[in-house]
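Chemist: coords please:
(chains A and B, ligands or ions: 3)
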Amino acid sequence: MKAASFSYVKPAALNEVFDLLARHGDRARVLAGGQSLLASLNLRLSAPELLIDITGVPGLAGITVSGGTVRIGALTTHRQIERSPEVARHLPLLAQAVRHVAHVAIRNVGTFGGSVALADPAAEYPACAVALDAILVLAGRGAERRVRAREFFRGLYDTALQPGELVIAGEFPVSGEAYRSAFLELARRRGDYAIVGIAAHARLAAGRISDARLAFLGAASKPVLALRAAALLEGRPLDAQAIAAAQATLEDDLELPADLYSSRATKLQLARVLLGRALGALNG
Amino acid sequence: MDQTLLTTLIVNGSAVTRRVPARQHLSDFLRDELGLTGSHTACEHGACGACTVRVDGAIVRGCLMLAVQANGRRVDTIEGLSDSGELADLQAAFHRRNALQCGFCTPGMLMAAQDLVTTRPEATREEIREHLSGNLCRCTGYQAIVDAIDDVLAQRRGAKT
Ligand SMILES: Cc1cc2nc3c(=O)[nH]c(=O)nc-3n(C[C@H](O)[C@H](O)[C@H](O)COP(=O)(O)OP(=O)(O)OC[C@H]3O[C@@H](n4cnc5c(N)ncnc54)[C@H](O)[C@@H]3O)c2cc1C
Ligand code: FES
Ligand code: FES
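Modeler: Residues are numbered from 1 along each chain as shown, chains lettered A, B, ... in the order given. Ligands and ions are numbered 1, 2, ... in the order given. Next comes the predicted model:
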């Protein structure tokens, strides 16, 4: 199908974007990579009157490392993240995750900020941001604020973004020496959104696991941390018994709503399998 | 009334300037305005890859980019790559391996394949499949397509040594 009619504007400064958003309110939509937005316009799932292309705004793309933080600008593409030596070195969880985001031709164009702002419950970055306790930098006219990813994602396609606000960047703490990461997901086909996935990050020292962050995607209306499983693992050797106990608690940790293809029972089984594999990978 | 914007693209090496409706995606522009019907449109929501073209050297979905977003950029289509001879060995291998039947997916497959053989010359069969995961074929299936690309990778590696 074809998109309904709309107007298009490509401002060259952030202030112009905020002015346009203020003037047009919810009749306008921000356009970044367009890899989700244009698909939904072609399907006529929505029909904004104005698209504000933000890719002409300078300073919103790129990855920088300073003072123990990796900052990823909103307009950084999936492809840039995939190829970034900084991400490979300092954020191995994200480096593993990005390979699961869509396909090459989409990764060449889609952006970090677009994925975060969209907040698809099965998307990879939101779960990584929650696992790594990242901060999202948001800006509106005249004001910038920082929100923890754990508070930013509120529900199905629902975030802490206020009308007129943009995601400017994500700030991820550099992963510590003793920490290990594993990102795994099960999808019907490679590149599809996950049925269920896990972003696992934990400290491993002398064979014991601590500070485990087990963020699941596709398991609720937003990324969720399996808190009971993590508490149960704290300080224990990562042996078969500990893994089985963590798997058993997942039922209480995760909502796992059934979808068109998978029942709650199926999703629970998949989540348990993934948790087992992820813990195995952390230990490996 | 559709808003139109003056848009200039470098298509297969030549500059073209047109007034383009804001909502027209790049694939429709190439096909309907310029008569370049080699790249196809099917799903028009990013799922099939039939519309794959190159923008500033990187493969993209023509159906998920507005023509006006490509303003000032270089767009290369299957026609350009075919005429320049860039795809000759891939095309020969697809032919030899029966890697197409109706041919609907083939332009997109060739664009993705060419991207792979130039960016990942050491790709394994598994990596070929991964790189083509965004391109669907409803008739041939993937075995013959992977075989054809695998052949070309081996040939190009052989040619270098
Ligand atoms: C076939 C297919 C498969 C896909 N598979 C996956 C997958 O497996 N995993 C995955 O994560 N994604 C997947 N995607 C989506 C893809 O990753 C998108 O690139 C991403 O979700 C949105 O990024 P974008 O830059 O394209 O945003 P756009 O499509 O331009 O925008 C998406 C939404 O976010 C808003 N927005 C964009 N940028 C900002 C900003 N900086 N501040 C505030 N609001 C903003 C827009 O207004 C819009 O509402 C897939 C897409 C397709 C077509
Ligand atoms: S027509 Fe563009 S991906 Fe199917
Ligand atoms: S050859 Fe017919 S769709 Fe691939």
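
Chemist: just the pLDDT at A:His90, thanks.
Modeler: Note for A:His90: predicted pLDDT of 98.

Chemist: which of the residues in the longest helix along chain A are buried?
Modeler: With residue count as the measure and DSSP state H as the assignment, chain A has helix A:264-283 as its longest helix. Neighbour-count burial for helix A:264-283, with 16 or more other C-beta atoms under 10 Å in any protein chain shown as criterion, is recorded at A:267-272, A:274-275, A:277-279, A:281-283. The C-beta positions use only the backbone N, C-alpha and C, and glycine is treated the same way.

Chemist: tabulate these in CSV, adding columns for distance to A:Met1 and pLDDT.
Modeler: As requested, the buried residues of helix A:264-283 are exported to CSV (distance: C-beta to C-beta, whole Å; pLDDT from 0 to 100):
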residue, distance to A:Met1, pLDDT
A:Lys267, 31, 96
A:Leu268, 36, 97
A:Gln269, 37, 97
A:Leu270, 33, 97
A:Ala271, 35, 98
A:Arg272, 40, 98
A:Leu274, 35, 98
A:Leu275, 40, 98
A:Arg277, 39, 98
A:Ala278, 39, 98
A:Leu279, 44, 98
A:Ala281, 42, 97
A:Leu282, 45, 96
A:Asn283, 49, 90
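
Chemist: closest to A:Ala178 out of these?
Modeler: For the buried residues of helix A:264-283, the minimum distance to A:Ala178 (C-beta to C-beta) is 11.4 Å, reached by A:Leu282.

Chemist: would you map out the domains in chain B?
Modeler: B:4-81, B:87-160 (automatic domain parsing).

Chemist: so the longest one, near ligand 3 or not?
Modeler: No. Looking at domain B:4-81 against ligand 3 by C-beta under 6 Å from any ligand atom, there are no contacts, and the closest approach is 8.0 Å.

Chemist: again, but for the last one
Modeler: Yes. Remark: domain B:87-160 sits within contact range of ligand 3 at B:Leu100, B:Gln101, B:Cys102, B:Gly103, B:Phe104, B:Cys105, B:Thr106, B:Cys137, B:Arg138, B:Cys139, B:Thr140, by C-beta under 6 Å from any ligand atom.

Chemist: show the end-to-end separation of that domain, please.
Modeler: 17 Å (C-alpha to C-alpha, to the nearest Å).

Chemist: who are the contact partners of residue 98?
Modeler: Just so you know, I chose chain A. Residues near A:Val98 by C-beta atoms under 8 Å, 6 or more residues apart in numbering or on different chains: A:His78, A:Ile81, A:Glu82, A:Val87, A:Arg107, A:Glu124.

Chemist: wait, chain B
Modeler: Residues counted as contacts of B:Asn98 (C-beta under 8 Å, 6+ apart) are B:Thr140, B:Ala144.

Chemist: mind showing which ranges of chain A have poor pLDDT?
Modeler: Along chain A, the model assigns pLDDT under 70 to no residue.

Chemist: looking at the contacts of A:Val98, which is nearest chain B?
Modeler: A:Arg107 (9.2 Å; C-beta to the nearest C-beta).

Chemist: gap between the closest one and A:Pro11?
Modeler: 25 Å (C-beta to C-beta, to the nearest Å).

Chemist: the more surrounded of these two?
Modeler: It is A:Arg107, of A:Arg107 and A:Pro11, that has more neighbours when counted by other C-beta atoms under 10 Å in any protein chain shown, with 25 against 16.

Chemist: phi, psi of the more buried one?
Modeler: Phi and psi for A:Arg107, reported as degrees, to the nearest 10, are phi -60, psi -30.

Chemist: quick one: it and A:Thr76 touch, right?
Modeler: No. In this structure, A:Arg107 is not within contact of A:Thr76 by C-beta atoms under 8 Å, at 11.4 Å.

Chemist: so who does B:Thr52 touch?
Modeler: A:Ala105, B:Ser39, B:Ile59, B:Val60, B:Arg61, B:Gly62, B:Pro107, B:Gly108, B:Met111, B:Ala112, B:Asn135.

Chemist: among the residues you listed, name the ones in strands.
Modeler: In this view, the contacts of B:Thr52 that belong to strands under DSSP state E are B:Ile59, B:Val60, B:Arg61.

Chemist: how about TSV for these, with pLDDT added?
Modeler: Listed next are the ones in strands among the contacts of B:Thr52 as TSV, based on pLDDT from 0 to 100:
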residue	pLDDT
B:Ile59	98
B:Val60	98
B:Arg61	98
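
Chemist: tally of neighbours for A:Val147?
Modeler: 16.

Chemist: ok, and what's touching the host helix or strand of it?
Modeler: According to DSSP states H and E, A:Val147 maps onto strand A:143-148. For strand A:143-148, contacts defined as C-beta under 8 Å, 6+ apart pick out A:Asp133, A:Ala134, A:Ile135, A:Leu136, A:Val137, A:Leu138, A:Ala139, A:Ala160, A:Ile168, A:Glu171.

Chemist: and the contacts of A:Val98 as TSV, adding secondary structure and distance to ligand 1?
Modeler: Putting the contacts of A:Val98 into TSV (DSSP: H, G, I helix; E, B strand; the rest coil; distance: C-beta to the nearest ligand atom, whole Å) gives the following:
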residue	secondary structure	distance to ligand 1
A:His78	helix	6
A:Ile81	helix	11
A:Glu82	helix	12
A:Val87	helix	15
A:Arg107	helix	7
A:Glu124	helix	5
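
Chemist: how about the contacts made by B:Leu6?
Modeler: B:Thr17, B:Arg18, B:Arg19, B:Val20.

Chemist: return the member of those residues nearest to A:Phe216.
Modeler: Using C-beta to C-beta, the contacts of B:Leu6 come closest to A:Phe216 at B:Val20, 43.4 Å.

Chemist: in a helix, the closest one, correct?
Modeler: No. Going by DSSP: H, G, I helix; E, B strand; the rest coil, the assignment for B:Val20 is strand, not a helix.

Chemist: run a quick neighbour tally on it.
Modeler: 25.

Chemist: and it, what pLDDT?
Modeler: Predicted confidence (pLDDT) for B:Val20: 97.

Chemist: surely it touches B:Thr7?
Modeler: Yes. B:Val20 is within contact range of B:Thr7, at 4.5 Å (criterion: C-beta under 8 Å).
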